[in-house]
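Colleague: just the structure for this:
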Amino acid sequence: MDIHRLLNRDVMNVSSVRGIESTMGSLILNLKIHDGRLRYLWIVCILLAMTPAAVSRAAKQVQPTQLPGYKAVPVHYGPLNKMIVSVSINGHPANLLVDTGANQIILNADAAASFDVRPSQRSLRYIYFTKINGELFPVAFAQNVTAGNINLGSSLVTLLNARSYSASSNHLGNQNLAVDGVLGTDILLRHKAIINCQTKFVFFKIDRSRPLQLASVALPEKFTQVPLRQEENGAFTVPCSIHGQSGRLLVDTGAFLTTFSEAVLKSLGIALQPTRASARFTTGTARQMNAGRIDDLRIGDFKVPPAKFGAAVLPNFALEQGNTRIDGILGIDLLFNCHAIIDFGTMSLFLK
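Modeller: Have a look, this model is predicted:
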């Protein structure tokens with residue numbers, strides 16, 4: 001299938017879809033779903049007439065804010081709103097998707113072999129296996145991961161074989177810049193990372209003796225602080241409300257589009273319009289993608305500007321995050337547009 005690439009590595013949203021004469025493309029909507037293991041829902045959307053909202057012109061040449069005890073690592077957005085960070089794995093350069101919807105590093109097995117990633121530190125056997133979409137994959141060991149000049153230490157790594165990886169990934173960026181895998185939340189949590197979705201930096205804690213209360217910096221800048229909760233299966237969710245009805249959203253920087261459960265929006269009386277998009281789940285089922293305008297969406301105490309959002313019939317394994325049933329997936333489009341800062345140190349999401 002063809003992969004539609006967003007021009008200028010721009011972040012897009014549902015309201016960017018308009019017109020009917022533009023080029024048709026295929027988009028892969030990556031919704032990383034936790035169940036205590038790693039599970040993936042891959043939705044292939046056939047979209048007509050996507051006009052991306054320009055963001056590459058914003059945040060250009062931005063210098064990172066100096067945060068006491070932290071060092072900044074730049075990221076960039078690839079097509080499909082992918083947040084990409086350049087790292088080194090065992091001394092070998094790699095490009096990883098920064099993904100709060102995955103709980104550890106995931107690598108293409110072929111790339112992992114070229115990075116000298118071994119089954120384990122001392123053994124010839126793999127440490128254990130993890131299940132993705134019902135299929136078992138080995139978990140290996142990377143002795144050293146660095147980002148910028150920051151040593152992030154060793155890490156467990158889930159290995160996807162070539163068939164599975166090609167079905168769930170694509171080449172991003174100019175000159176066929178390959179994404180070798182995913183940077184998950186194990187390293188982000190370990191280093192109390194702060195992700196600034198708007199200015200395109202990830203900050204890693206390097207000096208634990210220097211405490212930082214990001215709220216003291218963000219709140220005077222008119223940010224709203226929203227509590228971030230880790231569910232039993234490792235997923236991260238935030239409170240939300242629509243028409244005063246409370247719920248929760250999965251925070252997933254690996255999802256290119258914010259998408260709500262169609263059943264939830266219909267129950268609230270929100271009118272949905274069909275789009276020129278279809279969703280095909282990993283089971284092979286094809287379903288209609290719709291869009292609906294939400295005027296009173298709140299994330300915590302933050303009021304999201306009125307906008308159209310995606311709606312789909314999400315399967316139960318996507319909606320059930322541990323003991324929590326979510327109303328949708330908070331993707332990188334809304335996170336970028338609302339200047340999101342994800343702080344794993346204080347377990348907070350800041351929006352403005």
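Colleague: pLDDT averaged over stretch 332-340 - what is it?
Modeller: Stretch 332-340 carries an average pLDDT of 96.
Colleague: cool, and stretch 182-197?
Modeller: Per-residue pLDDT over stretch 182-197 has a mean of 95.
Colleague: buried residues in it?
Modeller: Along stretch 182-197, these residues count as buried under the neighbour rule (16 or more other Cβ atoms under 10 Å): 182-185, 187-189, 191-197. For glycine as for every other residue, the C-beta is placed from the backbone atoms N, C-alpha and C.
Colleague: run the chain-centre distance for stretch 311-323.
Modeller: 16 Å (Cα atoms, centre = their mean, to the nearest Å).
Colleague: do the same with stretch 223-237
Modeller: Counting by Cα atoms, centre = their mean, stretch 223-237 comes out at 14 Å from the chain centroid.
Colleague: stretch 292-305 now?
Modeller: So, by Cα atoms, centre = their mean, the centroid of stretch 292-305 is 20 Å from its chain's centroid.
Colleague: buried stuff in it?
Modeller: Those would be 292, 294, 297-300, 302, 304, for stretch 292-305 by 16+ other Cβ under 10 Å.
Colleague: same thing with stretch 333-347?
Modeller: Result for stretch 333-347 [16+ other Cβ under 10 Å]: buried residues 333-345.
Colleague: in strands, which of those residues fall?
Modeller: Of the buried residues of stretch 333-347, the ones assigned to strands by DSSP state E are 341-343.
Colleague: reformat those as TSV; add distance to Q104.
Modeller: TSV is the format used below for these (distance: Cβ to Cβ, whole Å):
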residue	distance to Q104
I341	23
I342	17
D343	20
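Colleague: packing partners of the strand of greatest length in the chain?
Modeller: Ordering each strand of the chain by length in residues (DSSP E) puts strand 135-147 first. Contacts defined by 3 or more Cβ pairs under 8 Å, 6 or more residues apart in numbering; DSSP states H and E place strand 135-147 against strand 82-89, strand 128-132, strand 150-160.
Colleague: check the gap between the closest residue to N151 other than its chain neighbours and R118 for me.
Modeller: Nearest non-adjacent residue to N151, counting by Cβ to Cβ, 6 or more residues apart in numbering: N144, 7.0 Å away. Distance, N144 to R118, by Cβ to Cβ, to the nearest Å: 12 Å.
Colleague: surely T253 is within a strand?
Modeller: No: T253 is assigned coil when assessed by DSSP: H, G, I helix; E, B strand; the rest coil, not a strand.
Colleague: residues touching it, list them.
Modeller: 83, 98-101, 195, 197, 331-332, 335, 342 (Cβ atoms under 8 Å, 6 or more residues apart in numbering).
Colleague: same thing but at 6 Å, please
Modeller: With contacts defined as Cβ atoms under 6 Å, 6 or more residues apart in numbering, T253 is in contact with 83, 98-100, 332.
Colleague: and it, how far from I332?
Modeller: For T253, the distance to I332 - Cβ to Cβ - is 5 Å.
Colleague: before we move on, what about N81?
Modeller: 5 Å.
Colleague: sorry, back to before: and which of the buried residues of stretch 292-305 is nearest to V226?
Modeller: G300 (3.2 Å; Cβ to Cβ).
Colleague: and that closest one, how far from T199?
Modeller: Going from G300 to T199 by Cβ to Cβ gives 21 Å.
Colleague: strands of the stretch 101-250 of the chain, residue ranges please.
Modeller: 105-108, 128-132, 135-147, 150-160, 181-183, 194-196, 201-205, 224-227, 229-230, 236-242, 245-251 (DSSP state E, counting those that start in this stretch).
Colleague: out of those, indicate the one that is most buried.
Modeller: strand 181-183 (a mean of 28; mean count of other Cβ atoms under 10 Å).
Colleague: for it, packing partners?
Modeller: For strand 181-183, the packing partners by 3 or more Cβ pairs under 6 Å, 6 or more residues apart in numbering; DSSP states H and E come out as strand 92-98, strand 105-108.
Colleague: swap the cut-off to 10 Å and go again
Modeller: Where contact means 3 or more Cβ pairs under 10 Å, 6 or more residues apart in numbering; DSSP states H and E, strand 181-183 is packed against strand 82-89, strand 92-98, strand 105-108, helix 109-114, strand 150-160.
Colleague: can I get these in JSON lines including mean pLDDT and distance to A235?
Modeller: Putting these into JSON lines (pLDDT from 0 to 100; distance: least, Cβ to Cβ, whole Å) gives the following:
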{"stretch": "strand 82-89", "mean pLDDT": "95", "distance to A235": "18"}
{"stretch": "strand 92-98", "mean pLDDT": "95", "distance to A235": "16"}
{"stretch": "strand 105-108", "mean pLDDT": "91", "distance to A235": "16"}
{"stretch": "helix 109-114", "mean pLDDT": "90", "distance to A235": "25"}
{"stretch": "strand 150-160", "mean pLDDT": "92", "distance to A235": "16"}
